[in-house]
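[1] Have a look at this prediction, sequence included:
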Amino acid sequence: MELKEGKLPPDFLKELLNLLPPLKKEIKIGPKIGGDSAIIEFKDLYLIVSQDPITFTEKEIGYYGVIVNANDVAVMGAKPLYFLFTLLLPEGFYKENIKRIFKEVKGVCKKLGIQVIGGHTEITPGLKKIILSGTMIGIRKKENGLFPKKVNAGDFLFCIKEVPIEGISIIAKEKKEIVKNIIGEKKLNKFLKYNIKPGISIVKEAILISGFRGTLAMHDPTEGGIINGIWELCEFLNKGIIVYGDKIPVAKGFEKVFEYFNMDPLKTISSGSLLVAIKKGYEKNFELFCKKKRIGSTLIGIFKNLNEGRYILKKDRKVEILPCQDDISKIF
């Protein structure tokens, strides 16, 4: 069976995970579909470890590498503290360009209070584009309890910020002239900076939200967009869901670009947004909490038992939510 680009098919990935050795009792969360980070228990703390590569874009790859991995640690209720990265470069790469990537890593790590503690850099024969793979380490105090918590049918799903922030930023940078011709220079300039404002980082929001009493679990939708992110979260939680498609907050002003490339914004890489499971009875207080903290939040769904399935309501249609490939590949 020939595999397509992007994440591996979930059924095949499950086969691979079953080949791995059994976990010891201190591993509270190990390799699992939909899991953002591993959690390792120590005497007084939980160590949170994430790993993610950047493969879709070469522009600002150092910035993206830090943020994407920091997000994965933050959604587990931990502050990202230590970063390692492996940088694989094609032949003929100039020293100045390597320095630029390191400066990008330095800038965002300094802003977030993260230390770079190791990694590896090499020129790799046969490689066609840059690949950066990062590992982020964070710490959660034992007194704050293990996170995520159990999600039940009837609990609510919220989307923080809008979608697809990262996808829009990548398209604007990679296809600048096309986007300019479709929506004009003023809007192009806005979307070129979309990775900064509203931004692909959800570290601040995730850490604040993890302290809200009714928060049960979080997940940052990345490859495959919010649809794939919802499926991954439900797979991780072993839950079904009903999602109200018309409630999902899609960024305004980029619709014609998505139409031009025949892309679904709900299936386009979505770092910068955050999925949050909120305990039933806390949804109103959560909305007030987000408003007070100036965090954009939208209730987009309700969790169900697994046997009730996973569906999104689109106008008068009920469509099953399935794992999907990312539409960002259509621009390349």
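    Sure, I can see it.
[2] who's in contact with the helix or strand of the chain with the lowest mean pLDDT?
    Lowest on mean pLDDT, DSSP states H and E among the helices and strands of the chain sits helix 10-18, with a mean of 89. For helix 10-18, the surrounding residues in contact (CB atoms under 8 Å, 6 or more residues apart in numbering) are 3, 7, 8, 31, 32, 33, 235, 323. Using the backbone N, CA and C atoms, a C-beta is placed for each residue, glycine as well.
[3] Using JSON lines, lay out those residues together with secondary structure and neighbour count.
    Formatted as JSON lines, those follow (DSSP: H, G, I helix; E, B strand; the rest coil; neighbours: other CB atoms under 10 Å):
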{"residue": "3", "secondary structure": "coil", "neighbour count": "9"}
{"residue": "7", "secondary structure": "coil", "neighbour count": "18"}
{"residue": "8", "secondary structure": "coil", "neighbour count": "14"}
{"residue": "31", "secondary structure": "coil", "neighbour count": "12"}
{"residue": "32", "secondary structure": "coil", "neighbour count": "14"}
{"residue": "33", "secondary structure": "coil", "neighbour count": "16"}
{"residue": "235", "secondary structure": "helix", "neighbour count": "18"}
{"residue": "323", "secondary structure": "coil", "neighbour count": "18"}
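[4] Include distance to residue 69 and pLDDT when you put these into a markdown table, please.
    Listed next are the contacts of helix 10-18 as a markdown table, based on distance: CB to CB, whole Å; pLDDT from 0 to 100:
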| residue | distance to residue 69 | pLDDT |
| --- | --- | --- |
| 3 | 24 | 78 |
| 7 | 16 | 81 |
| 8 | 20 | 84 |
| 31 | 16 | 91 |
| 32 | 17 | 88 |
| 33 | 18 | 86 |
| 235 | 21 | 94 |
| 323 | 22 | 92 |
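[5] These: which two are farthest apart?
    Farthest apart among those by CB to CB are 3 and 32. That separation is 20.5 Å.
[6] which is the next helix or strand following the helix or strand containing residue 168?
    Secondary structure assignment for residue 168, by DSSP states H and E: helix 165-174. The C-terminal neighbour of helix 165-174 among helices and strands, as given by DSSP H and E, is helix 176-183.
[7] That following helix packs against which elements?
    With contacts taken as 3 or more CB pairs under 8 Å, 6 or more residues apart in numbering; DSSP states H and E, helix 176-183 sits against helix 185-192, helix 255-260.
[8] what sits up against it?
    Helix 176-183 is contacted from outside by 171, 172, 188, 191, 192, 253, 254, 256, 257, 260, using CB under 8 Å, 6+ apart.
[9] switch the cut-off to 10 Å
    Helix 176-183 is contacted by residues 168, 171-173, 175, 185-192, 253-261, 331 when judged by CB atoms under 10 Å, 6 or more residues apart in numbering.
[10] quick revisit: would a markdown table of the contacts of helix 10-18 with distance to residue 314 be doable?
    Supplementary listing: those in a markdown table, determined by distance: CB to CB, whole Å:
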| residue | distance to residue 314 |
| --- | --- |
| 3 | 29 |
| 7 | 23 |
| 8 | 27 |
| 31 | 33 |
| 32 | 29 |
| 33 | 25 |
| 235 | 21 |
| 323 | 18 |
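[11] buried stuff in the longest helix seen in the chain?
    When the chain is parsed with DSSP state H, its longest helix is helix 95-112. Residues of helix 95-112 classed as buried by neighbour count (16 or more other CB atoms under 10 Å): 98, 101, 104, 105, 108, 109, 112.
[12] ok, now which ones touch the first one?
    For residue 98, the contacting residues are 62, 87, 89, 121, 123, 130, taking CB under 10 Å, 6+ apart as the criterion.
[13] between the helix holding residue 168 and helix 176-183, how big is the angle?
    110 degrees (axes from the mean of the first three to the mean of the last three CA atoms, to 10 degrees).
[14] tell me what helix 165-174 is packed against?
    Here helix 165-174 touches helix 61-74, helix 176-183, helix 185-192, helix 255-260, going by 3 or more CB pairs under 10 Å, 6 or more residues apart in numbering; DSSP states H and E.
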